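Novice: Could you look at this predicted model? Sequence included:
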Amino acid sequence: MDSVSRHYEAYPYPARDPADEATRLITVSPGHPVEIDHFLFGGQRDWLRPFRVLVAGGGTGDGLIMIAQMLADHGVEADILYLDISVASRRIAEDRARARGLTSIRFETGDLLNAADYGPFDYIDCCGVLHHLPEPDAGFAALRGALAEGGGIGAMVNAPYGRAGVYEMQDALRALAADDEPEQQVTYARALIEALVPTNGLTRNPFLSDHANGGDAGLHDLLLHSHDRPYDVDALFGALERADLAFVSFATPGRYDPRMMLADPVLRERAGALPYQQRAALAERLVGNIKGHSFYATAKGTTAEIAQPSADAVPVLIDVSGAALAESIYKHGVIRGEIDGSGFQRRLPKDAAGILMAVDGRRSLDDIRRVIGWEPKRFNDLFAILYQPLNNFGLMRFSRLKRGSSRS
Ligand SMILES: C[S@@+](CC[C@H](N)C(=O)[O-])C[C@H]1O[C@@H](n2cnc3c(N)ncnc32)[C@H](O)[C@@H]1O
């Protein structure tokens with residue numbers, strides 16, 4: 001068994017208790033079906049058509065359970081393959097699926113390098129896996145090879161700057177405990193962390209608490225990986241290029257706009273004039289808190305259409321309620337969002353609250369405009385201002401998932 005397999009046999013990640021399925025559904029990004037529709041199918045996918053999904057390196061099942069449950073909730077005919085090298089992780093994912101009575105998932109223990117043997121797939125999810133492979137390029141290529149015509153990938157790879165402090169600690173533990181068993185390594189890692197001096201890089205990074213507080217499995221995943229190759233924006237674009245994949249979008253495009261981090265008008269203008277990849281790379285360096293890149297990609301030559309506001313587009317709020325946003329506008333005149341210490345604040349007129357109250361995931365923009373009784377120009381102008389920050393930070397997408405067919 002190689003070191004990555006040993007790691008996940010000892011510490012299935014993330015640690016999950018199948019009993020918790022009775023009380024909550026964990027939602028993640030990428031991989032939310034509404035988001036998949038938005039970035040890969042123009043927000044207009046016909047959900048009456050079957051959907052073939054691969055969850056590559058599915059771990060203990062967060063992304064898997066979310067997509068299977070949401071597709072089941074909306075009556076989508078789904079065929080979902082879970083693929084992972086870790087038997088211990090698979091058992092947990094299977095128990096979670098059983099607890100929910102999900103029947104659309106097939107479980108396989110195996111290497112994602114063989115993904116094409118099981119495909120092709122309309123959507124491939126691969127979160128937190130590619131950076132752990134001994135040869136990540138082979139992983140990117142394997143996913144590309146398993147895509148169906150017109151299909152797409154949603155993935156997350158670790159990123160360096162937001163994980164400041166992690167890599168020197170990985171090296172330190174390699175120097176001190178490389179040959180110990182995983183359980184002993186965790187004991188040493190905990191001892192090391194508990195006595196860290198205030199000047200240490202990990203002590204100074206406040207945004208890693210989810211892993212560091214995630215029990216032994218979280219600690220092992222953070223500090224004791226045998227392969228952990230972070231990707232900055234340029235490295236990610238390079239890997240996609242080599243695998244014949246085309247970048248579609250980051251899941252939270254707003255985090256990759258350097259103008260969010262620049263006040264000087266000349267510098268803002270220069271940043272805005274850079275080609276997209278350079279702009280995103282600059283933003284990553286300036287903001288400093290991006291721990292992983294969550295992105296969507298397709299096979300080169302396929303043009304995925306990112307959804308845009310239009311009369312028949314159906315807006316869906318994700319992990320936030322229209323009522324809560326509307327209340328914030330009424331009380332404070334703003335909507336706000338935050339990810340790891342950086343975010344947005346957008347001032348909006350009170351009228352915008354009415355739009356948000358009418359967003360129910362089923363109504364199209366034209367339906368909403370009629371419900372609130374506005375003229376198209378007034379509606380479109382205000383919706384554009386409202387939509388931009390919500391989409392940039394992952395709170396609003398377009399999809400007809402809740403309506404079923406593309407034209408219903
Ligand atoms: C950090 S976990 C992520 C799990 C899950 N995708 C999530 O986001 O919660 C990484 C998973 O990738 C799996 N993995 C690592 N290398 C793999 C490979 N070559 N093929 C399939 N799975 C692999 C590990 O066993 C582990 O379960």
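Specialist: Structure received. Since the structure is predicted, the reported quantities are computational estimates derived from the model, not experimental observations. Residues are numbered from 1 along each chain as shown.
Novice: For the closest residue to the ligand within the chain, which non-adjacent residue is spatially closest?
Specialist: Per CB to the nearest ligand atom, Gly59 is where the chain lies closest to the ligand, at 2.3 Å. C-betas here are computed from N, CA, C, even on glycine. Among residues not flanking Gly59 along the chain, Ser89 sits closest, at 5.0 Å (CB to CB, 6 or more residues apart in numbering).
Novice: Excluding residues flanking it in the chain, which one is nearest Ile36?
Specialist: Spatial nearest neighbour of Ile36, excluding adjacent residues (CB to CB, 6+ apart): Tyr123 at 5.5 Å.
Novice: got the residues of the stretch 251-400 of the chain near the ligand?
Specialist: Residues of the stretch 251-400 of the chain lying close to the ligand by CB under 6 Å from any ligand atom: none are found.
Novice: list the contacts for Val166?
Specialist: Contact partners of Val166, counting by CB atoms under 8 Å, 6 or more residues apart in numbering, are Gly201, Leu202, Asn205, Leu208, Leu222, Leu223, Asp228.
Novice: Please name the residues that touch the residue nearest to the second one when sequence neighbours are not counted.
Specialist: In this structure, Leu202 finds its nearest non-sequential neighbour in Gly165, 3.5 Å apart by CB to CB, 6+ apart. Gly165 sits next to Asn200, Gly201, Leu202, Thr203, Arg204, Asn205, Leu208 when contact means CB under 8 Å, 6+ apart.
Novice: Could you dump those into a markdown table with distance to Gln44 added?
Specialist: Compiled in a markdown table, the contacts of Gly165 are given as follows (distance: CB to CB, whole Å):
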| residue | distance to Gln44 |
| --- | --- |
| Asn200 | 50 |
| Gly201 | 45 |
| Leu202 | 45 |
| Thr203 | 48 |
| Arg204 | 46 |
| Asn205 | 41 |
| Leu208 | 38 |
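Novice: So which of the residues you listed sit within strands?
Specialist: Using DSSP state E to define strands, no part of the contacts of Gly165 is located there.
Novice: I'd assumed Asp84 was in contact with the residue of the chain closest to the ligand.
Specialist: Yes. In this structure, Gly59 is within contact of Asp84 by CB atoms under 8 Å, at 6.3 Å.
Novice: Common neighbours of the two, please.
Specialist: By CB under 8 Å, 6+ apart, Gly59 and Asp84 have these common neighbours: Tyr8, Ala93.
Novice: Can you pull the domain assignment for the chain?
Specialist: 3-158+231-299, 162-223, 315-403 (automatic domain parsing).
Novice: Just confirm Arg397 is within a strand.
Specialist: Yes. With DSSP: H, G, I helix; E, B strand; the rest coil as the criterion, Arg397 is located in a strand.
Novice: For it, name its beta-bridge partners.
Specialist: Arg397 has these beta-bridge partners by DSSP bridges: Val316.
Novice: per-residue pLDDT, it?
Specialist: Turning to Arg397, the model gives it a pLDDT of 97.
Novice: With Pro198 instead?
Specialist: For Pro198, the pLDDT comes out at 91.
Novice: can you tell me the helix or strand for it?
Specialist: When elements are assigned from DSSP states H and E, Pro198 belongs to no helix and no strand.
Novice: Identify the farthest-apart pair in the contacts of Gly165.
Specialist: The widest separation within those, taken as CB to CB, falls between Asn200 and Leu208 and amounts to 12.1 Å.
Novice: For the two, indicate the residue with more neighbours.
Specialist: Counted by other CB atoms under 10 Å, Asn200 and Leu208 do not tie: Leu208 has more neighbours, with 20 against 16.
Novice: In contact with the more buried one: list those residues for me.
Specialist: Listed by CB under 8 Å, 6+ apart, the contact set of Leu208 reads Arg163, Gly165, Val166, Leu202, Leu222, Lys291.
Novice: Name the residues of the longest helix along the chain that come out as buried.
Specialist: Ordering each helix of the chain by length in residues (DSSP state H) puts helix 376-392 first. By 16 or more other CB atoms under 10 Å, the buried positions in helix 376-392 come out as Phe379, Leu382, Phe383, Leu386, Tyr387, Gln388, Pro389, Leu390, Asn391, Asn392.
Novice: from the domains of the chain, which stretch is densest packed?
Specialist: Of these, the one with the most neighbours on average (mean count of other CB atoms under 10 Å) is domain 3-158+231-299, at a mean of 19.
Novice: Need the CA coordinates for stretch 248-258. CSV is fine.
Specialist: Extracted as CSV, the C-alpha positions of stretch 248-258 are listed here (Å, rounded to 0.1, in the frame of the first residue of the first chain):
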residue,chain,number,x,y,z
VAL,A,248,-14.3,27.9,-17.6
SER,A,249,-14.5,29.8,-14.3
PHE,A,250,-13.5,29.8,-10.7
ALA,A,251,-16.5,29.1,-8.5
THR,A,252,-16.2,32.4,-6.8
PRO,A,253,-14.9,34.7,-9.6
GLY,A,254,-15.0,37.8,-7.3
ARG,A,255,-12.1,36.5,-5.3
TYR,A,256,-9.9,36.6,-8.5
ASP,A,257,-10.5,40.3,-9.3
PRO,A,258,-7.5,42.3,-8.2
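Novice: ok now it, how far from the chain's centre?
Specialist: From the chain centre to the centre of stretch 248-258 is a distance of 12 Å (CA atoms, centre = their mean, to the nearest Å).
Novice: State the distance from the residue nearest to Gly59 to Ala56.
Specialist: According to CB to CB, to the nearest Å, Ser89 stands 13 Å off from Ala56.
Novice: do you know how far the residue nearest to Leu202 is from Thr203?
Specialist: Distance, Gly165 to Thr203, using CB to CB: 7 Å.
Novice: Alright, that wraps it up for me.
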